[in-house]
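# I'd like to go over a predicted model; first the sequence, then the structure.
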Amino acid sequence: EADIYQTPRYLVIGTGKKITLECSQTMGHDKMYWYQQDPGMELHLIHYSYGVNSTEKGDLSSESTVSRIRTEHFPLTLESARPSHTSQYLCASSERVPYNEQFFGPGTRLTVL
Amino acid sequence: AQSVTQLGSHVSVSEGALVLLRCNYSSSVPPYLFWYVQYPNQGLQLLLKYTSAATLVKGINGFEAEFKKSETSFHLTKPSAHMSDAAEYFCAVTLGSGNTGKLIFGQGTTLQVKP
């Protein structure tokens, strides 16, 4: 079944740890996105990719980094987690054309102590 | 530049009552518009989309929205609210084909349904 997956769903980690949030999609989409969302708040785009080896920073500055080595995989990495990184992270993908309808994963809720 | 404004961060209705969630957009070119729903601790699910075909768009779970160019609006409605409709709703706009593909989201509206 074509879908978009995120792991882990929940992560509680201490300050200074390196973490990677996984995102995979089986829809064959070229475009992928990472959003950051605080509880009850709007979504902020932090990274996006148009295809393999293509990554761009989004509208909200983030200390995280991303990579796109395979079409279906778009992981997000924090080299040194801090309490300010506590948030929900949502991954999405979309078709190339024409409407850019985005499909979202279930999200990862990150808590940094 | 594109933008989306959702009027009312919280809307409360009684079960069985009309649901109306407001969305106004700003775009220099004809937009594509979306409504998404987010249940607690989940990602966003597409409710419906406007892609310049019919101005009245029907979506899932009995929701519909009407594109009104003269009012730059894309309000979401449902004739009769159900308890399961309680969630966060986001309106979004994109330029569509040929652009970056980014969606511009509104700030969201929390819908509360009272028994």
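Structure received.

# Would you enumerate the residues in contact with the residue positioned nearest the centre of chain A?
By Cα atoms, centre = their mean, the mean C-alpha position of chain A lies nearest to A:Trp34, the distance being 3.3 Å. Going by Cβ atoms under 8 Å, 6 or more residues apart in numbering or on different chains, A:Trp34 touches A:23, A:45-48, A:58, A:64, A:66, A:74, A:76, A:89-92. Yep, even glycine has a C-beta here, placed from its N, CA and C like the rest.

# quick one: it from A:Ile69, how far?
15 Å (Cβ to Cβ, to the nearest Å).

# Also A:Glu42?
Where A:Ile69 is concerned, A:Glu42 sits at a distance of 30 Å (Cβ to Cβ).

# Chain A against chain B: which residues are in contact?
A:6, A:31, A:33, A:40-43, A:45, A:48, A:50, A:58, A:90, A:92, A:94, A:96-107, A:109 (Cβ under 8 Å from any Cβ of the partner chain).

# please redo it, this time with the cut-off set to 7 Å
A:31, A:40, A:42-43, A:45, A:48, A:90, A:94, A:97-102, A:104-107, A:109 (Cβ under 7 Å from any Cβ of the partner chain).

# how many neighbours does B:Val29 have?
Other residues lying near B:Val29 total 8 when counted by other Cβ atoms under 10 Å in any protein chain shown.

# Please disregard the earlier target; I meant B:Ala81.
22.

# cool, A:Thr65 as well?
Per other Cβ under 10 Å, the neighbour tally for A:Thr65 reads 14.

# Then the one 10 residues further on?
A:Pro75: 16 surrounding residues under other Cβ under 10 Å.

# isn't A:Leu45 right up against A:Tyr33?
Yes: A:Leu45 is within contact range of A:Tyr33, at 6.3 Å (criterion: Cβ atoms under 7 Å).

# Give the residues shared as contacts by the two.
By Cβ atoms under 7 Å, 6 or more residues apart in numbering or on different chains, A:Leu45 and A:Tyr33 have no common neighbours.

# from the contacts of A:Trp34, which has minimum pLDDT?
Of all these, A:Gly58 carries the smallest pLDDT score, 88.

# List the residues that contact it.
Taking Cβ under 7 Å, 6+ apart as the test, what A:Gly58 contacts is A:Leu45, A:Ile46, A:His47, A:Tyr48.

# Report the beta-bridge partners for the spatially closest residue to it that is not a sequence neighbour.
Among residues not flanking A:Gly58 along the chain, A:Leu45 sits closest, at 3.5 Å (Cβ to Cβ, 6 or more residues apart in numbering or on different chains). Here A:Leu45 sits in beta bridges with A:Tyr35, as judged by DSSP bridges.

# From B:Lys58, how far off is A:Leu45?
29 Å.

# again with A:Tyr48
30 Å.

# between the two, which one's more packed in?
Between A:Tyr48 and B:Lys58, A:Tyr48 has the larger neighbour count (other Cβ under 10 Å), namely 24 against 10.

# which residue sits closest to the more buried one, ignoring its sequence neighbours?
A:Tyr33 is the one closest to A:Tyr48 (Cβ to Cβ, 6+ apart), at 4.6 Å.

# Could you look up the SS state of the one you found?
strand (DSSP: H, G, I helix; E, B strand; the rest coil).
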